[in-house]
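Trainee: Prediction below, plus the sequence it came from.
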Amino acid sequence: MTCTIVASATKEIIIGFDQPFCVIGERINPTGRKKLAAEMQAGNFDTVIKDALEQVAAGATMLDVNAGVTSVNPNETEPGLLVKTMEIVQGLVDVPLAIDSSVTAAIEAALKVAKGRPLVNSVTGEEEKLEAILPLCAKYNVPVVAISNDETGISQDPDVRFAVAKKIVERAMDYGIKPHDIVVDPLVMPIGAIGSAGLQVFALIRRLREELKVNTTCGLSNISFGLPHRHGINAGFIPMVIGAGMTSAIMNPCRPQEMEAVRAANVLNGTDENCYNWIKTYRDYKPAEGGAHAAPAASPASAATGGGRRGGRAARVGGGAATE
């Protein structure tokens, strides 16, 4: 089985075909969040702290950390801000982190201070990115999210996106990076704009798993972009994409409806052994008024998602940007 190992200073998580679905919390990302961007630029990390703690309490297996507050001189501003954000988050929570940046210097700066084994988010099939990011991943021995687009942009043809993913996997091997350390983002398209987007990604995930034997991730909320009641679409998408073989997603764990779908999929997929984590989370569940979804009875991160780790089960890349 393909196993991608990520770790914090104290906790090791396995992303894999036979592991519980890995929930990568998306909230520490100023993209689309003007208030958060302004706070971070001013040196105020109160919202970062709040988002880190809330996401882990809600069941995030990992946290994505992004400090892209401005498109003006990001090579100058982003490295230092990303390092500061990483250090704050690492001091608060014990889950592994994903270093999320399009600035190579920021990724390397974050890798220097990262504890454990983070996930780099991300590399694309563009030659410039391949030559910049893959050597860093090899140097620091860390896994990387591979996004299935290149210089030609994002193709609506899933065969083209598969070819880009294959190219990245093959180029990574040239640097000594094994396929188990590549987590492919096949690029989920909005179903409201492309009616076959769901069918396309399900088929693509199966090919990636069977032919390239890689783990996969996505910006989960991309599927519902532009539609009303997005969380209902997202919650329906989760068990279907897990059933197709996806092993992780960048998503908002603070949405109970979506986390219920993850936990239920783990039960039905056989990765929540004896329904242990479902029972532990919802043992005191009582139907809420107004049709609200269940809140966890107790919400330690390890219990909520049942992230696997080496030595037994615990008892877990493109990315969707968070919104206010």
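Mentor: Sure, I can see it. Residues are numbered from 1 along each chain as shown.
Trainee: C-alpha only now, for contacts and for neighbours.
Mentor: Will do.
Trainee: how near is His180 to Thr271?
Mentor: His180 sits 19 Å away from Thr271, taking C-alpha to C-alpha, to the nearest Å as the criterion.
Trainee: neighbour-wise, which of those two wins?
Mentor: Remark: of His180 and Thr271, Thr271 carries more neighbours, 23 against 20, as counted by other C-alpha atoms under 10 Å.
Trainee: Which helix or strand contains that one?
Mentor: Using DSSP states H and E, Thr271 sits within no helix or strand.
Trainee: Skipping adjacent residues, who's closest to it in space?
Mentor: If you skip the residues right next to it in sequence, Thr271 has Pro20 as its closest partner in space, 5.0 Å away by C-alpha to C-alpha, 6 or more residues apart in numbering.
Trainee: For the longest strand seen in the chain, give the mean pLDDT please.
Mentor: Within the chain, and with DSSP state E defining each element, the longest strand by residue count is strand 22-28. For strand 22-28, the mean per-residue pLDDT is 98.
Trainee: Show me the strands paired with it, marking each as parallel or antiparallel.
Mentor: strand 62-66 (parallel), strand 248-251 (parallel) (DSSP bridges).
Trainee: thinking again about what came up before, tell me how many other residues crowd the residue nearest to Thr271.
Mentor: With neighbours defined by other C-alpha under 10 Å, the count for Pro20 comes to 30.
Trainee: On the three-state scheme, it is what?
Mentor: What DSSP: H, G, I helix; E, B strand; the rest coil gives for Pro20 is coil.
Trainee: Do me a favour and get the backbone dihedrals for it.
Mentor: Recorded main-chain torsions at Pro20 are phi -60, psi 150, according to degrees, to the nearest 10.
Trainee: is it true that it touches Leu268?
Mentor: No. Contact criterion C-alpha atoms under 8 Å: Pro20 and Leu268 do not qualify, at 10.7 Å.
Trainee: low pLDDT regions in the stretch 151-300 of the chain?
Mentor: Within the stretch 151-300 of the chain, the stretches with pLDDT under 70 are 289-300.
Trainee: what about stretch 59-66, average pLDDT?
Mentor: Average pLDDT, stretch 59-66: 98.
Trainee: from the middle of its chain, how far away would that stretch be?
Mentor: 7 Å (C-alpha atoms, centre = their mean, to the nearest Å).
Trainee: what's the answer for stretch 250-270, then?
Mentor: Stretch 250-270 has its C-alpha centroid displaced from the chain centroid by 13 Å (C-alpha atoms, centre = their mean).
Trainee: for the chain, what spans make up the helices?
Mentor: In chain order, the chain shows helices spanning 34-41, 46-58, 74-92, 104-113, 127-140, 158-174, 197-207, 230-244, 256-268, 276-282, 301-305, with DSSP state H as the criterion.
Trainee: Give me whichever of those helices is most buried.
Mentor: Each of the helices of the chain was assessed for mean neighbour count using mean count of other C-alpha atoms under 10 Å. The highest is helix 301-305, with a mean of 25.
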